[in-house]
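**Student:** With the sequence up front, the predicted model follows.
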Amino acid sequence: MSEPEPPRTAATPADARADDRGERPLIPLGIERALGAIAMLLICVISFANVVVRYAIDVSFAFTEEWSVFLLMFMTFAGASLAFARDGHIRIRFFVDKLPPRLRAASEAVVVAASLTILALLVYYGGQLTWDQYVFEDTSPGLGYPRWIYSIWMPILALVAIGRVIGWTVRRVRRRP
Amino acid sequence: MISGNLVLIAVLAALLVLGVPIAVALGLAGAAAVATGLDVTSVGMIATNAYASVAKYPLIAIPLFILTGMVFERSGVALRLITLARAIVGPRRGGLAVVAVLVCLLMGGMSGSGPADAAAVATVMVPSMLKAGYPKPFSAGVIAASASTAILIPPSIALILYSILVPGTDLRALFAGGLVPGVLAGAAVAIPAVLLSRRYDFGVLESGDNRPPFWNSLREAVPGLMAPVIILGGLRSGLFTPTEAAVVAVAYGLFVGCLLYRTMGLRDVYETMADAAETSAVIMFVIALSGLFAWAGSTLGAFDAAAEAILATTDQGWLVLLMVMAVLLVAGMVLDGVSIYLITIPLLMPIATAFDWNLTWFGVLMAMNIAIGQFTPPVAVNLIVTAQVSGVSIESTIPWVLWMVLSMALALGLVIFFPELALWLPEALGYRT
């Protein structure tokens, strides 16, 4: 996010897309977007370096698998949070679109409740998992790092996603006439 | 135990119909089933399961191939492929429709899923097709249908996932297996498109004046055409694993976009990375939360019970196969390919094993089914995209699209009755099928 803002509307592209259907999120979506992009870039760099090195000196980096897999998880949860803020998750809209407005609102309430429940489960049990790994000093099989430094990001990002679901709900309710 | 199974299916179905995100619905159905069928403490499995479900090295190929597709779409390759295809096909009734099919097939060889291809091709082709006398709903239908072949033409996100979910299958064999059925599916779109164009005189306004020169177009398109060569050739020669092929293709795509065509700047690279990350995350999130669903289903025996129930109705393999195909077709109309694989594979594998179906062939059949579902109204991801890009309603495309649904279903029938269509190439290349 450090690059100079182009001379135009204040919204980043990420927010602009949320904007055309309502007000903009309080905390810019560009944050998760940047996190996702960085994770993607790192995955590319690590995988590419691995190919080059494997052909050049016929060994593969020991750390590639462990880091790549962590970055994949990180990208998944950061992007999922973004998708919650934008209603971008894959879902079947066909049936609810046929409902009268009142029932559709009810179905949206179910969507919000279900999303919050699953994210809360991920925060709680993910936190517990991380705590257990911390207490029992679990180390990763590949590099021998403490495992909690990887797993802690799942509950953290799930918590961020909870904020995004709440933000989406607030904007959605305000928009209703 | 039975109550747990019932909860699993009932909660999933109810939440899906209510429009809950598929990932969330899968996770909650799994959690609810575990809580009722086993005990509440087992719900804690959800965290370990979600983490373990995405933290798999072979899955890295999925975001990388999504990125590959996006890089090539934005590098201006689509435009040059269209020019080349126009130079080859030439002006004739139905000519541009065939061009659209050819370009979608080629784009499918660079990306792993249909909707993005559909959007890229529709944006460029629908206006020029309109000028040549093709009505927009027809063009939207043709492009939606031909973009659906991306799931069959390697690289395919769905087939990558299949190879991970079904132990013992070789991704290279699946990729090779999808190629011939993919081209067949492309022909199944092109033939009705040409016949309809002749019947209704579409494309009469195509003039010969602006037919692009062949050699020039070819030279321009070669960098794009090299992408499938690098991906498939790299895999075939054993030079690259699928993940490596994907990252090499990304690097090559960035080289083409940033240095060769000079259509992409740093800002575009960032946006492409971010968009690919987001698209991948949405898919990976479904994979993450399907973990608990699959675990609950197999631990509680829901999948085995359902498979047994189906097997009890008949011992005729082909009858079961037709039933399975029908169900997948309907599922393909409301769900995306990845979700269908995640939900149905645990159920279908016992059936496939019972009848001793070839698993490579079966994976290709599933992909073909899902491809048809992607452009079958009313719910069709590709059609939604192309209709939106062309500014027409989905309903208006139905009279055209139904012909292509019908002919691709015939193509599916061919692959069902002649498994060699899927299995010949991987066997010829020496892969274990």
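**Tutor:** Perfect, I can see it now.
**Student:** Any chance you could spot the residue sitting in the middle of chain A?
**Tutor:** Chain A has A:Ala78 as the residue nearest its centroid, 1.9 Å off, counting by C-alpha atoms, centre = their mean.
**Student:** Am I right that that one is in contact with B:Val282?
**Tutor:** No - shown here, A:Ala78 and B:Val282 do not form a contact pair, counting by C-beta atoms under 8 Å, at 11.6 Å. Just so you know, the C-beta spots here come from the backbone N, C-alpha and C atoms, and that holds for glycine as well.
**Student:** Which pLDDT value belongs to A:Arg172?
**Tutor:** The predicted local distance difference test score for A:Arg172 is 86.
**Student:** neighbours of A:Pro141, just the number please.
**Tutor:** Number of residues near A:Pro141 (other C-beta atoms under 10 Å in any protein chain shown) recorded here: 9.
**Student:** For it, list the residues it contacts.
**Tutor:** A:Pro141 sits next to no residue when contact means C-beta atoms under 8 Å, 6 or more residues apart in numbering or on different chains.
**Student:** Over to B:Ser128?
**Tutor:** B:Ser128 is in contact with B:Leu96, counting by C-beta under 8 Å, 6+ apart.
**Student:** any idea how far B:Ser139 is from it?
**Tutor:** Counting by C-beta to C-beta, to the nearest Å, the gap from B:Ser128 to B:Ser139 is 9 Å.
**Student:** Next: B:Gly265.
**Tutor:** The gap separating B:Gly265 from B:Ser139 is 31 Å, by C-beta to C-beta.
**Student:** out of the two, which sits in the more crowded spot?
**Tutor:** Under the criterion of other C-beta under 10 Å, the comparison of B:Gly265 against B:Ser139 puts B:Ser139 first, with 30 against 11.
**Student:** Can you verify my assumption that the more buried one contacts B:Met125?
**Tutor:** Yes - counting by C-beta under 8 Å, B:Ser139 does reach B:Met125; the two are 6.7 Å apart.
**Student:** Poorly predicted segments of chain B, please.
**Tutor:** Screening chain B residue by residue with the criterion pLDDT under 70, one finds the ranges B:1-2, B:206-209.
**Student:** picking that back up, joint contacts of B:Ser139 and B:Met125?
**Tutor:** Overlap between the contact sets of B:Ser139 and B:Met125, as judged by C-beta under 8 Å, 6+ apart, is given by B:Ala100.
**Student:** Where does chain A get nearest to chain B, which residue?
**Tutor:** Nearest to chain B in chain A, going by C-beta to the nearest C-beta, is A:Gly79, at a distance of 2.1 Å.
**Student:** ok, which stretches of the stretch 301-433 of chain B are helices?
**Tutor:** Taking DSSP state H, counting those that start in this stretch to define them, one finds helices in the stretch 301-433 of chain B at B:302-313, B:317-334, B:337-354, B:359-373, B:381-390, B:394-417, B:420-428.
**Student:** Next: the stretch 101-250 of chain B.
**Tutor:** Under the criterion DSSP H, counting those that start in this stretch, the stretch 101-250 of chain B contains helices at B:114-131, B:136-147, B:157-165, B:171-200, B:214-236, B:242-254.
**Student:** Taking the stretch 101-250 of chain B, what residue is nearest to chain A?
**Tutor:** Counting by C-beta to the nearest C-beta, the stretch 101-250 of chain B gets nearest chain A through B:Val247, at 4.0 Å.
**Student:** So that residue sits against B:Leu64, correct?
**Tutor:** Yes - taking contacts as C-beta under 8 Å, B:Val247 lies within contact range of B:Leu64: 5.4 Å.
**Student:** Overlap of the contact sets of the two?
**Tutor:** Counting by C-beta under 8 Å, 6+ apart, the common neighbours of B:Val247 and B:Leu64 are A:Cys44, A:Ser47.
**Student:** and those two? which has more neighbours close in?
**Tutor:** For B:Val247 against B:Leu64, the residue with the higher neighbour count under other C-beta under 10 Å is B:Leu64, and the figures read 29 against 26.
**Student:** Report the spatially nearest residue to the more buried one, omitting neighbours in sequence.
**Tutor:** If the residues on either side of it in the chain are set aside, B:Leu64 comes closest to B:Ala246, at 3.5 Å by C-beta to C-beta, 6 or more residues apart in numbering or on different chains.
**Student:** Please consider this matter closed, and thank you.
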